[in-house]
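J.: Pasting a predicted model and its sequence here:
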Amino acid sequence: MYREDYDRAGYFVLPQGKPGFRLVILQTTLPLVALIPVSMAPSLPGRLGIAYFAGALLLGFGFFYYGMEFVVRRSGAAARRLLVASIIYLPALLVLMTLLKS
């Protein structure tokens, strides 16, 4: 999303061209796939329970949805939606943990 800004500043943080997008796809999908089971770990027996499990699952799949939308559409608008989803995800998960802590 900010590739041109980084390029103008002399920072090369993203690979250039089509082969580079494969790396971006991996950097988007792999952490999102891993995040779903990791975020549900606090719902193990004796922890936060089924309500947290359902909320974490819903938040995780919502975040994953926006990641896949970015991978498929490859647009600036999809990248912005993914950025917003990433900003909302963690605080929402922490609020869920705080409210459901027994």
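T.: Nice, thanks for sending it over.

J.: Just list the residues touching residue 66, thanks.
T.: 78, 81, 82, 84, 85 (Cβ atoms under 8 Å, 6 or more residues apart in numbering). In this view, the C-beta of every residue, glycine as well, is placed from N, C-alpha and C.

J.: Tell me the spatial nearest neighbour of it, not counting adjacent residues.
T.: residue 85 (4.1 Å; Cβ to Cβ, 6 or more residues apart in numbering).

J.: and the helix or strand hosting the one you found, what other elements does it pack with?
T.: Using DSSP states H and E, residue 85 falls within helix 76-100. Counting contacts by 3 or more Cβ pairs under 8 Å, 6 or more residues apart in numbering; DSSP states H and E, helix 76-100 packs against helix 49-73.

J.: Poorly predicted segments of this protein, please.
T.: 1-3, 6-7, 11-20, 46, 102 (pLDDT under 70).

J.: Distance of residue 45 relative to residue 53?
T.: As judged by Cβ to Cβ, to the nearest Å, residue 45 and residue 53 stand 11 Å apart.

J.: circling back to that earlier point, and the residue nearest to residue 66, how close does it get to residue 98?
T.: From residue 85 to residue 98 the distance is 20 Å (Cβ to Cβ).

J.: Kind regards, and thank you for your time.
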